[in-house]
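Peer 1: Generate coordinates for the sequence data below:
(one chain, ligands or ions: 1)
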Amino acid sequence: MAEPADTYYRATVDAREPFPPLSGRHDARVAIVGGGYAGLNLALGLAERGVRDVMLLERETIGHGASGRNGGFVFAGYSLGEQSLLDQLGRQRARALYANTVDAVNLIRSRITRYAIECDAVDAGVIWANWFRDPHILRERQQLLAEHYGVQWEWWPRERVREAIASERYSDALFERNALHLHPLKYVTGLARAAAEQGVSIHEHSGARRVQRENAGWCIRTESGEVHAPIIVLACGGYLAHLKREVDRAVLPIATYVMATEPLGERMRECLRTQAAVYDTRFAFDYYRALKDTRLLWGGRISVRDRSPKAVQKLLVRDLLRVFPQLKGVRIDYAWSGLMSYARHQMPQLGTRGDGLWWMQAFGGHGAAPTAAAGELLAGAIAQGDEGWREFARYGLSRSFRPLGYLGAQAGYWWAQGRDWLKESMEG
Ligand SMILES: Cc1cc2nc3c(=O)[nH]c(=O)nc-3n(C[C@H](O)[C@H](O)[C@H](O)COP(=O)(O)OP(=O)(O)OC[C@H]3O[C@@H](n4cnc5c(N)ncnc54)[C@H](O)[C@@H]3O)c2cc1C
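Peer 2: Numbers count the residues shown, from 1 in each chain. Have a look, this model is predicted:
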């Protein structure tokens, strides 16, 4: 088996001028650490609100982390399920938090248009395909969303699912119309360009090495420069900044895997006859979608281990052939992994200590819309003193107890996988 190349996204993003590394001493009003969806949504949100002197530091290149290697799904909601959100917050607050992410999906659409971000966006919805025969899973979620969140997902019977997905695996499905998919690295690079055009000073290859309290503000040092700012924001996801222990130790970096096939051409119709993206009802679900050049992008699995491209390919091809045996022998051109940041409570962590240090992290495997929502909330807080971010106060920096937390996460994953396997076996 030949070694598949690095990410499809990196291979297909347009070449651009790099942002220069930070050099020398600078003052800023706000300094953001991390050039992923979270940091850039905040930077752009601040610029759009007229905040000047915003600086963003990225250790590698823009989108190096989860934001430049994810599945590309953009849909409402959080890693924490809607029923748990309802149980924990009550109807009104749960609905308001969920609505933030619905607005965020619309914001992403409007920014793509407004800033002419070429990111292969396909606004064709997402299919949640039922792996099991039990129809209640779909009906219950559909009802919950309609009743408590005011959101309508369309139910598709088996025949309708078959028209879209040529697989015997699924029974029925729910179709979420208000969702899209895109090339995440092109999108995050577009956010960076839009922010830079509005005056945000962006620096790549500028890892923050130290953060120190200084007079009434903060000083961040990189290898070749320093920035002084009254407000700093840590937005480093699962790629841990190693700057503040209490912030780092509140998340577990968890790996997940993606691959892209060779271009399928007409063969694409042998498996997918829809432009919508697809995932399924298991805890450890597959997710996939057709790419612009007729490749199939396929993702899945959750692990505490960051595997080699070859190992990722081996695992995912097995999963792919369970759904589309007709693709046996298909060549895999790219395989990669990425790190998500999970909090124990499975919700994003947005907050501040009240001394100018803010954080936004733990978006888990469901980050595209929540990072855009979080960027708006924190931009509103910093620029205008808005209090909306306090709705997340309940989901604070709870400790993830690494390395023991990894054992818990892996055990939880295996347990859920086992439960799904049992359900499948009992259905026969
Ligand atoms: C394989 C995969 C598939 C996924 N699929 C989807 C999907 O389809 N839909 C969806 O909604 N979500 C998905 N997610 C989740 C989503 O990608 C994340 O929730 C989101 O990208 C998190 O953004 P972030 O900015 O918090 O973190 P990241 O994108 O990880 O960015 C953090 C950045 O901080 C930088 N950094 C770290 N330390 C420092 C430092 N000291 N100084 C400077 N910079 C630093 C890193 O280099 C990195 O670029 C997926 C995630 C993965 C890994």
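
Peer 1: And for the closest residue to P20 other than its chain neighbours, the neighbour number?
Peer 2: Nearest residue to P20, sequence neighbours excluded (C-beta to C-beta, 6 or more residues apart in numbering): H203, at 6.3 Å. For every residue, glycine as well, the C-beta is placed using N, CA and C. H203 sits with 22 neighbouring residues when counted by other C-beta atoms under 10 Å.

Peer 1: same check, this time on the one 5 residues further on
Peer 2: Here the neighbour count serves as a burial measure; for A208 (other C-beta under 10 Å) it reads 25.

Peer 1: What backbone torsions are found at the residue nearest to P20?
Peer 2: Backbone torsions for H203, taken as degrees, to the nearest 10, come to phi -130, psi 120.

Peer 1: Now do Y149 against N178, distance only.
Peer 2: To N178, Y149 is 12 Å away according to C-beta to C-beta, to the nearest Å.

Peer 1: Those two: who's more crowded?
Peer 2: Taking other C-beta under 10 Å, Y149 and N178 do not tie; Y149 has more neighbours (20 against 17).

Peer 1: tell me the contacts of the nearest residue to the more buried one once chain neighbours are set aside?
Peer 2: Using C-beta to C-beta, 6+ apart and skipping residues adjacent in sequence, the residue nearest Y149 is Y98, 5.1 Å away. Applying C-beta atoms under 8 Å, 6 or more residues apart in numbering to Y98 gives the contacts 76-78, 82, 85, 149, 151.

Peer 1: Surely Y98 forms part of a helix?
Peer 2: Yes. Secondary structure of Y98 (DSSP: H, G, I helix; E, B strand; the rest coil): part of a helix.

Peer 1: Look up how far the ligand lies from it.
Peer 2: Relative to the ligand, Y98 is positioned 14 Å away (C-beta to the nearest ligand atom, to the nearest Å).

Peer 1: cool, and D27?
Peer 2: 19 Å.

Peer 1: which element is E163 on?
Peer 2: Element membership for E163, per DSSP states H and E: helix 158-164.

Peer 1: That helix: what's the following helix or strand?
Peer 2: Toward the C-terminal end, the helix or strand that comes next after helix 158-164 (DSSP H and E) is strand 173-176.

Peer 1: Give the partner strands of that following strand in its sheet and their orientations.
Peer 2: Sheet pairing of strand 173-176 (DSSP bridges) gives strand 126-129 (antiparallel), strand 154-156 (antiparallel).

Peer 1: Which pLDDT value goes with the closest residue to Y279 other than its chain neighbours?
Peer 2: Spatial nearest neighbour of Y279, chain neighbours left out: Y287 (4.0 Å); criterion: C-beta to C-beta, 6+ apart. Note on Y287: pLDDT of 97.

Peer 1: Same question for A166.
Peer 2: A166 is given a pLDDT of 97.

Peer 1: And the residue lying closest to it once chain neighbours are set aside, how far from L57?
Peer 2: Using C-beta to C-beta, 6+ apart and skipping the chain neighbours, the partner closest in space to A166 is C271 (5.3 Å). Taking C-beta to C-beta as the measure, C271 falls 42 Å from L57.

Peer 1: Many thanks, I have nothing further to ask.
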